[in-house]
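Student: Quick one: sequence and predicted model below, then my questions.
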Amino acid sequence: MIVSVLSALAEPTRLEAIRLLSDGSEHCVCELMRKLGATQSRMSRHMQVLKQAGLVVDRRDAQWVRYRIRTDLPPHLRALLTAALVEEVMA
């Protein structure tokens, strides 16, 4: 599981999506697209990778899909996310 998480976070757009989601609230794909400059299909694919890695969950809201970081992340994955986000700021 850790390899899929590291692989998911290694892509800059996905790491930025995690950064946006790290505020603890839900964000729709349209908002992530706008902030990250990605097309709908590209953003949806990135979010699917993050979901498959077990980092995010989604919720359908009419025609929108909203994502958030899993609140029940195991401590080691929460620490990994924190480290990845801190490292990105320091780079």
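Tutor: Good, I have the coordinates.
Student: Torsion angles phi and psi at the residue sitting nearest the centre point of the chain?
Tutor: Note on the chain: the residue nearest the mean C-alpha position is Ile18, at 3.5 Å, using C-alpha atoms, centre = their mean. Dihedral angles of Ile18 (phi, psi; degrees, to the nearest 10) stand at phi -60, psi -40.
Student: my read: it touches Ala83, true?
Tutor: No: contact criterion C-beta atoms under 8 Å: Ile18 and Ala83 do not qualify, at 11.9 Å. (Glycine included, C-beta is placed from N, CA and C.)
Student: pLDDT wise, what is the closest residue to Arg60 other than its chain neighbours at?
Tutor: Nearest non-adjacent residue to Arg60, counting by C-beta to C-beta, 6 or more residues apart in numbering: Arg66, 7.8 Å away. On pLDDT, Arg66 comes in at 96.
Student: Please report how far Cys50 lies from Leu9.
Tutor: Not Cys; residue 50 is Leu. Distance, Leu50 to Leu9, by C-beta to C-beta, to the nearest Å: 8 Å.
Student: So which of these two has more stuff around it?
Tutor: Remark: of Leu50 and Leu9, Leu50 carries more neighbours, 25 against 21, as counted by other C-beta atoms under 10 Å.
Student: any shared contact partners between Leu50 and Leu9?
Tutor: Taking C-beta atoms under 8 Å, 6 or more residues apart in numbering as the contact rule, the neighbours common to Leu50 and Leu9 are Ile18.
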